[in-house]
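Q: predicted structure and sequence below. I'll ask about it afterward.
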Amino acid sequence: MTKSNIDFAQFALAPRRPQGEATPVVEDAPSISSDAPEIVPVPQNRDDQSAPLLQRLSDGERHQRRATRAAEQEETRRKLKNLKRAKERNIRFYVNVPLEQDVKNRLMRAAHENDVHMTIIMQAAIDTYLKDNGY
């Protein structure tokens, strides 16, 4: 079948539905899934307006729930604040130190021979110097 030989008669078409015919509405349709929640129809005209939809809590219960929720929120705030403090403790401060070429070469050689970074050696040297001088 090539493009030039295609005709509309070769395709099956569904008959059109008449305009006045509406689709039937099934109210008691069986559920498709066995674990799906059952849908209970809600009556449109409620004759018994005396029964509330939700049970109203007493003032004591509402106060208790409000206090519990406030305590949980305060605990969450406290935990977040402690987490931020711990993060702030790990902040690093960088210092630029101009080194002479021979000092830099010795530092690079020491780092390579001891298999550590140059920054570790610099931190240890500064820490030792400060401790020795009482800082």
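A: Yep, it's here. Here the structure is a predicted model, which is why all the values come from computation and not from measurement.

Q: now for residue 97, how many residues are close by?
A: 8 (other CB atoms under 10 Å). C-betas here are computed from N, CA, C, even on glycine.

Q: ok, residue 115 next?
A: By other CB under 10 Å, 6 other residues sit near residue 115.

Q: so what are the domain limits for this protein?
A: What automatic domain parsing lists as the domains of the chain is 60-91, 101-132.

Q: what residues of the last one count as buried?
A: When you say that, I think you mean domain 101-132. By 16 or more other CB atoms under 10 Å, the buried positions in domain 101-132 come out as residue 111.

Q: show the end-to-end separation of it, please.
A: When the termini of domain 101-132 are compared using CA to CA, to the nearest Å, they are 26 Å apart.

Q: sorry, back to before: export the domains of the chain to JSON lines and tack on distance to residue 5 and mean pLDDT?
A: Converted to JSON lines, those look like this (distance: least, CB to CB, whole Å; pLDDT from 0 to 100):
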{"stretch": "domain 60-91", "distance to residue 5": "72", "mean pLDDT": "88"}
{"stretch": "domain 101-132", "distance to residue 5": "77", "mean pLDDT": "95"}
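
Q: redo these as CSV? Include distance to residue 11.
A: Converted to CSV, the domains of the chain look like this (distance: least, CB to CB, whole Å):
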stretch, distance to residue 11
domain 60-91, 63
domain 101-132, 74
